[in-house]
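Asks: one predicted model, sequence on top.
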Amino acid sequence: MPAYALSGSSRGIEIPLAPDDLARGHLLHDGVWYALDAAQGELLGGLLSDTGIGPGPARSLKGFLHLRKKALEGGPVVDNLADQAISPLAFTPPAVQAPAGIVATLYSYQTAGWRWLQFLLSEGIGGLLADEMGLGKTLQIISVLSDSGSGSLSPSLIFAPGSLLENWRRELARFAPGLRVLKHHGPLRTGRPAELQAYDVVVTSYDSAVRDNSLLNMVAWRAIILDEAQYIRNPGAQRTQAVKHLRREVGLAVTGTPVENRLLDLWSIMDFVLPGYLGDKASFERLYTEDVDGAARLEPLVSPLILRRRVAEVAQDLPARIDIPQVIELEEAEAGAYEAMRLAIADKYGSAATLVALTTLRQFCAHPALLDRAGSSDPMAFSKFRRLDEILEEIFSLGEKVIIFTSYTRMADMIAAHVRQRFRAFAGIIDGRLAIDDRQTLIDQFGEVQGGAALVLNPKAGGTGLNITAANHVIHYNLEWNPALEDQASARAHRRGQELPVTVHRLFVADTVEDVVHDRMSRKRAISGTAVVGVEGRDEDYADIVGALSRSPVRKLG
């Protein structure tokens, strides 16, 4: 028996010492007597004092992690659980209430995630929320921002890709309307730290971490949250170093893909979450080789700090269909190009505008390359397409299948080519160019693929009569004016025979024609479920057309 051991029981993580064992010089464990010599006792006493842990059930995660590291380093500790990944929820008290200030009903696993985040804050350490796509990571983060368990978490700072800032702003307003939120972005953003401190939550981009590093470092942040935390996976990148430089009481990371290419990806994220815990980069690379053995040695150290639930594990809590509206914000140059096009159309058509007049704006929101027939634009040069790529990366990392709907044949070709080149995955297209008799054959091929695959469909060609239950992800890359058409398309995967919840992503560009289409569809569904609305510009569409021609992304840049 070592001088100290970590072991498990029905009560969780145990320290098998009685309070006076050190003074007596021996302990009794499982009916066996063990001697503790004076030197060993003195060393152990100092170790317990340093960690703040006492005998009995381990309540401090920070202390537990310290002891686990000591065991790996050969200290006076043997970790009897060294071959086990400890659940991050092992130390978390059970939830007894819902988060205050949240306008939503959380699923049980989301409530557990919120309590886990509260616990991390109480310990003064960070963590990585790595739930699979569709499980509501954003809502869990907003819940702890609203209810940290110990007073205000103001001011807190959220970093996200620039295209997702508006999405965060809207979700915060939707779920936690009591929080004061500032989107720090664009040419009119403040340069005064006092203004940042006046808000509960500041949402900004990773680019701002570099450009405004001195400004952001003038604020003592209670918490800094990294959305899509894989953005700092490269330790040498300027934005990685800029983010890690900022003052914070605690750092929280959010990503569904914590390890994309190598173990060093995870080191970089954990170095933000708990600086110094895994040593410096050089020592980490020496200790944890890029192989199965290295990953196995690393897992016991990081597993208590990573909360990852899979859809299959919590499927009983989930609805059969999970709808995820995904608001994309244009970059400044993109917004300027859209605005010029909008003004030209408004000037040309004025009050005589019809849905046809909006076609150019809708195509731009799919991809500007659709309007440049001679161009060979890189699809990743557009914000919306980059977000599509990020979603696909997580889907394919899970080895799952996806149906992508788009109205435009050139867009379908761009998406399919990107999937084949970027992910080396199967990608088929079903639209008016494929004979009806050949469509089921392609669907069968899609279903037979082992692992990730994509089908790109025109919602009119693939919206009815097809059963594609091999896919449990649906992406509407551009929204349809008719909500019934979109719902029929989503139903290709969400129907009898589907074993997993279907995640439906609806991508639309903020403060553009697509935002108006989203508002319109939400309104129509609220009134009559899946109302069938005209697609030729009837009288009831006129207000929406006017709204689409007056909505401008440029005004939102500040």
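Replies: Sure thing, it's come through. Every value quoted in this text rests on a predicted model; they were computed, and no experiment measured them. Numbering: from 1, shown residues only.
Asks: pLDDT value on the residue nearest to Thr409 when sequence neighbours are not counted, please?
Replies: Take Thr409 and drop its neighbours on the chain: the residue closest to it by C-beta to C-beta, 6 or more residues apart in numbering is Asp431, 5.8 Å away. The C-beta positions use only the backbone N, C-alpha and C, and glycine is treated the same way. At Asp431, the predicted lDDT confidence score is 93.
Asks: isn't Asp431 up against Asp413?
Replies: No: contact status for Asp431 versus Asp413: not in contact, 9.6 Å apart, counting by C-beta atoms under 8 Å.
Asks: ranges for the helices of the stretch 101-250 of the chain?
Replies: For the stretch 101-250 of the chain, the helices defined by DSSP state H, counting those that start in this stretch occupy 108-123, 137-146, 165-175, 193-197, 206-211, 213-216, 238-245.
Asks: ranking the ones you listed by burial, who's on top?
Replies: Among the helices of the stretch 101-250 of the chain, helix 137-146 has the highest mean neighbour count (mean count of other C-beta atoms under 10 Å), at a mean of 24.
Asks: run the angle between it and helix 165-175 for me.
Replies: On the basis of axes from the mean of the first three to the mean of the last three C-alpha atoms, to 10 degrees, helix 137-146 is oriented at 60 degrees to helix 165-175.
Asks: just to revisit the earlier point, how about the helices of the stretch 101-250 of the chain in TSV, adding mean pLDDT and distance to Phe272?
Replies: Formatted as TSV, the helices of the stretch 101-250 of the chain follow (pLDDT from 0 to 100; distance: least, C-beta to C-beta, whole Å):
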stretch	mean pLDDT	distance to Phe272
helix 108-123	93	13
helix 137-146	97	15
helix 165-175	96	19
helix 193-197	96	20
helix 206-211	96	11
helix 213-216	97	14
helix 238-245	97	5
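Asks: nearest to Glu499, of those?
Replies: With respect to Glu499, and counting by C-beta to C-beta, the nearest of the helices of the stretch 101-250 of the chain is helix 108-123 at 18.9 Å.
Asks: chain center to the closest one, what's the gap?
Replies: The chain centre lies 16 Å from the centre of helix 108-123; the measure is C-alpha atoms, centre = their mean, to the nearest Å.
Asks: using PDB, write out the CA atom coordinates for that helix.
Replies: Taking C-alpha atoms only, helix 108-123 is exported to PDB below (Å, rounded to 0.1, in the frame of the first residue of the first chain):
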ATOM      1  CA  SER A 108     -31.500  17.200 -17.800                       C
ATOM      2  CA  TYR A 109     -28.000  16.900 -19.400                       C
ATOM      3  CA  GLN A 110     -27.900  20.600 -20.100                       C
ATOM      4  CA  THR A 111     -28.800  21.300 -16.400                       C
ATOM      5  CA  ALA A 112     -25.900  19.000 -15.400                       C
ATOM      6  CA  GLY A 113     -23.600  20.900 -17.800                       C
ATOM      7  CA  TRP A 114     -24.700  24.200 -16.300                       C
ATOM      8  CA  ARG A 115     -24.000  22.900 -12.800                       C
ATOM      9  CA  TRP A 116     -20.600  21.600 -13.900                       C
ATOM     10  CA  LEU A 117     -19.700  25.000 -15.300                       C
ATOM     11  CA  GLN A 118     -20.800  26.600 -12.000                       C
ATOM     12  CA  PHE A 119     -18.600  24.100 -10.100                       C
ATOM     13  CA  LEU A 120     -15.600  25.000 -12.200                       C
ATOM     14  CA  LEU A 121     -16.100  28.600 -11.400                       C
ATOM     15  CA  SER A 122     -16.300  27.900  -7.700                       C
ATOM     16  CA  GLU A 123     -13.000  26.000  -8.000                       C
END
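Asks: what's the angle from it to helix 137-146?
Replies: Using the same axes, to 10 degrees: helix 108-123 against helix 137-146 is 40 degrees.
Asks: which strands and helices lie in contact with helix 108-123?
Replies: Where contact means 3 or more C-beta pairs under 8 Å, 6 or more residues apart in numbering; DSSP states H and E, helix 108-123 is packed against helix 61-72, strand 127-129, helix 137-146, strand 248-254.
Asks: ok so, going back, which one of Asp431 and Asp413 is surrounded by more residues?
Replies: Using other C-beta atoms under 10 Å as the criterion, Asp431 and Asp413 rank with Asp431 on top: 19 against 15.
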